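S.K.: following is a predicted model, sequence given first.
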Amino acid sequence: MDILNLIFYSIYLMIPAYLANGSALVLGGGMPLDFGHNAWDNRRITGDGVTWRGTVGGGLFGMIIGGILGLLATYGIGDYFFNITSSQITIVSGFIPQGLLIGLLLGFGALIGDAIGSFIKRRLNFERGKPVPLLDQLDFVIVSLIFVSSVVHLQLSMVIIILFVSVFLHLGANMFAYAINLKDVWY
């Protein structure tokens, strides 16, 4: 597979994670995931920015996006997404159920990864909204890849491309969200 196809398919695979992570910002608010409690070090576990509504809503949105990608694959659009997974997904059959499963794993993996990133930032004494290069861009990607690897065989080259491209996509998405007043900071 040539490098341009590999980049395309790597990004295509991650669409549910990327959109779930972004949608949590829009769908979020309400009760924090940590219920406002502190950890053993007297600092918040995740903080007010990681909410139940954003986590559940964003995770389900990722699942829906995966289902849509599965639907598109039934028409031959993006069926490579499912060819890379066919050797390991045995609990569901058909493109739409596979897409829902992949989207669920990527979506919730992304939001759990974001919560873990928030937890790490609190332990490192970074305030909410303060940038932590690479952690901010890769926490959700790494955990979503771990989650989806239970059903998808990921080539090392794809993982490297996903990590590299995600840094720039994440920064670009944040700049866009800042430009349209969804975020208070550009990073």
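M.R.: Cool, the structure landed.
S.K.: hey, let's count contacts and neighbours off CA atoms from now on
M.R.: OK.
S.K.: which intervals of the protein have sub-threshold pLDDT?
M.R.: Scanning the chain with the threshold set as pLDDT under 70 gives 1, 78-94.
S.K.: please enumerate the helices of it.
M.R.: Remark: helices assigned in the chain by DSSP state H are 3-27, 52-74, 80-83, 95-123, 135-148, 156-179.
S.K.: the first one packs against which elements?
M.R.: Spelled out, that is helix 3-27. Contacts defined by 3 or more CA pairs under 8 Å, 6 or more residues apart in numbering; DSSP states H and E place helix 3-27 against helix 52-74, helix 80-83, helix 95-123, helix 135-148, helix 156-179.
S.K.: which of those helices is buried the deepest?
M.R.: helix 95-123 (a mean of 25; mean count of other CA atoms under 10 Å).
S.K.: ok, back up a step: nearest to L4, of the helices and strands packed on helix 3-27?
M.R.: helix 156-179 (10.5 Å; CA to CA).
S.K.: centre of the chain to the closest one, how far?
M.R.: Its chain's C-alpha centre and that of helix 156-179 lie 11 Å apart, by CA atoms, centre = their mean, to the nearest Å.
S.K.: tell me what angle it forms with helix 135-148.
M.R.: With axes from the mean of the first three to the mean of the last three CA atoms, to 10 degrees as the basis, helix 156-179 and helix 135-148 are set at 130 degrees to each other.
S.K.: contacts for helix 156-179, please.
M.R.: Outside helix 156-179, the residues that touch it by CA atoms under 8 Å, 6 or more residues apart in numbering are 6-7, 10-11, 14, 134, 137-138, 141-142, 145, 183-187.
S.K.: report the two of these separated the most.
M.R.: By the measure CA to CA, the contacts of helix 156-179 have their two most distant members at L6 and D184, which lie 34.3 Å apart.
S.K.: the two: which is more packed in?
M.R.: L6 (16 against 12; other CA atoms under 10 Å).
S.K.: next up, the contacts around that one.
M.R.: By CA under 8 Å, 6+ apart, the contact list for L6 reads M158.
S.K.: check the gap between it and I65 for me.
M.R.: Separation of L6 from I65 (CA to CA, to the nearest Å) stands at 21 Å.
S.K.: so which of the helices of the chain gets nearest D41?
M.R.: The nearest among those, by CA to CA, is helix 95-123 at 8.1 Å.
S.K.: would you mind getting the angle between that closest one and helix 135-148?
M.R.: Interaxial angle, helix 95-123 versus helix 135-148 (the same axes, to 10 degrees): 140 degrees.
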